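Undergrad: could you work out the structure for the sequence below:
(one chain, ligands or ions: 1)
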Amino acid sequence: MGDKTFCFSVDVDWVRGSEVALPALYDLCDELGIRGTFFSVGGFASEYGELLAEAVRRGHEVGSHGWEHGLRNYENYGSSPYADQLRWLELTTGAVEKATGVRPHSFRAPNLWVGETTLRVLETLGYTHDSSVPARRYDAGMGQLGHQTRYFRAPRDPYHPSREHLAVPGDSPVVEVPPSAFVVPMNMSGLRAFGLRPLRWANRRIRARADTLVFYVHPAEFVSAEAQALKADIPRRHRRGIGPQNVELLRRYLSDVLSLGYTPVRVDQTAPGGRTSAAPARAAQPRAARGRAG
Ligand SMILES: [Zn+2]
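TA: Numbering: from 1, shown residues only. Just a heads-up that it's a prediction; the model follows:
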């Protein structure tokens, strides 16, 4: 086992309220010295380009996360034909590039619905990294992850996938960086549902088995439901326990991860076998009180 790297990632869906929470997440990252990856939906990038440009100014990577995901739910990268996926991702890539001035080269599929066809599209558009394969997700097979159980055995650390089967190492130039899980998924939804202690327990299990930890949040989880005007068909679990108080919960979780000796990196800085040589654009200096979290 080599250096331990930590990818903090944010899935910016096209959900009202996301724009309110992003600045608070930027500030938290600055405070903790974290440079992460913000995967933005193209529609959001078209509407709030300046906010995403701010992420780049602060040293973060802005990747892509589909075209209208969050607002509408037709985009299924696990089952849609090549031509549809290519069109959605061309639109998204253009919108993110227009917003930030930087062409995105990392992708995360909406709902982690991804397939071999998606890999072909990413290669065509020059993407270098994908972070969508739900390795070790026990919740695959129910709810939103649907049919993705076929990727359960995928590697935990970054790898080049096979074009025939995403969960098998192969010779695609794209680097797959699976979101982490150990019994519980490592995301804000898991943190809200189970609390800090189970997530800390899972972190330590993952640390013993992998060099890379990938955690993700959604900005809307840090905004009260009233401020979001959530659609009635959104599952109850997505409404429960959301609000600005989660910034403090996230601060405590992230402080714990950093105390385990993880080095924060952006998704585009990961590589099979360890971190790439590229240093963060601006070296992050932890600011203020890291010890503030207990
Ligand atoms: Zn999403």
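
Undergrad: now the element after the lowest-mean-pLDDT helix or strand in the chain, going C-ward?
TA: When the helices and strands of the chain are compared on mean pLDDT, DSSP states H and E, helix 236-239 comes out lowest with a mean of 60. Heading C-terminal from helix 236-239, the first helix or strand you meet, by DSSP states H and E, is helix 246-259.

Undergrad: report whether the longest strand belonging to the chain contacts the ion.
TA: Ranked by residue count under DSSP state E, the longest strand found in the chain is strand 5-12. Yes. Strand 5-12 is in contact with the ion by CB under 5 Å from the ion, via residue 11. (C-beta placed from N, C-alpha, C; glycine too.)

Undergrad: list the buried residues for the following helix or strand past that strand?
TA: Next helix or strand after strand 5-12 toward the C-terminus (DSSP H and E): helix 18-32. Judged by neighbour count using 16 or more other CB atoms under 10 Å, the buried positions of helix 18-32 are 18-22, 24-26, 28-32.

Undergrad: where does the stretch 101-250 of the chain get nearest to the ion, which residue?
TA: residue 110 (4.9 Å; CB to the ion).

Undergrad: now do the contacts for that residue.
TA: 13, 41, 65-66, 69-70, 75-77 (CB atoms under 8 Å, 6 or more residues apart in numbering).

Undergrad: how about residues contacting stretch 183-190?
TA: So stretch 183-190 is in contact with 137-139, 179-180, 194, 198-199, 202-203, 205-206, 213-218, 221, 237-238, 246, 250, going by CB under 8 Å, 6+ apart.

Undergrad: now it: how far from the chain's centre is it?
TA: Averaging C-alpha positions (CA atoms, centre = their mean, to the nearest Å) puts stretch 183-190 12 Å from its chain's average.

Undergrad: how about it and the ion, touching?
TA: No. Contact of stretch 183-190 with the ion (CB under 5 Å from the ion) is absent, the minimum separation being 10.6 Å.

Undergrad: convert the C-alpha atoms of that stretch to CSV, please.
TA: The C-alpha coordinates for stretch 183-190 follow below in CSV (Å, rounded to 0.1, in the frame of the first residue of the first chain):
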residue,chain,number,x,y,z
VAL,A,183,-21.1,-1.9,3.6
VAL,A,184,-22.2,1.7,3.6
PRO,A,185,-21.6,4.1,0.6
MET,A,186,-19.1,6.8,1.4
ASN,A,187,-21.2,9.8,0.7
MET,A,188,-23.2,12.6,2.4
SER,A,189,-26.4,10.6,2.2
GLY,A,190,-24.7,7.7,4.1
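
Undergrad: in it, what counts as buried?
TA: Quick answer for stretch 183-190 (16+ other CB under 10 Å): 184-190.

Undergrad: stretch 201-218 now?
TA: Buried, per 16+ other CB under 10 Å, within stretch 201-218: 202-203, 206-207, 210-218.

Undergrad: averaged pLDDT, that stretch. What do you get?
TA: For stretch 201-218, mean pLDDT is 95.

Undergrad: and stretch 35-46, by the same measure?
TA: Mean predicted lDDT for stretch 35-46 stands at 98.

Undergrad: and stretch 57-67, by the same measure?
TA: Stretch 57-67 shows a mean pLDDT of 98.

Undergrad: okay, buried residues for that stretch please.
TA: 58-67.

Undergrad: quick revisit: restricted to helices, list the contacts of residue 110.
TA: Nothing among the contacts of residue 110 maps onto helices, per DSSP state H.

Undergrad: filter these by proximity to the ion?
TA: Contacts with the ion within these, as defined by CB under 5 Å from the ion: residue 13.

Undergrad: which one of the contacts of residue 110 has the most neighbours?
TA: Within the contacts of residue 110, most neighbours by other CB atoms under 10 Å means residue 65, with 31 neighbours.

Undergrad: Three-state assignment for the nearest residue to that residue once chain neighbours are set aside, please.
TA: Distances taken as CB to CB, 6 or more residues apart in numbering place residue 39 nearest to residue 65, at 3.8 Å, with adjacent residues excluded. Of the three states, residue 39 takes strand under DSSP: H, G, I helix; E, B strand; the rest coil.

Undergrad: let me see the contact set for residue 39.
TA: 9-12, 62-65, 106-108, 131.

Undergrad: closest one to residue 121 out of the residues you listed, please.
TA: Closest approach to residue 121 among those (CB to CB): residue 107, at 8.9 Å.

Undergrad: give the bridge partners for the closest one, please.
TA: residue 64, residue 130 (DSSP bridges).

Undergrad: quick check: it vs residue 273, distance?
TA: When distance is defined by CB to CB, to the nearest Å, residue 107 is 21 Å away from residue 273.
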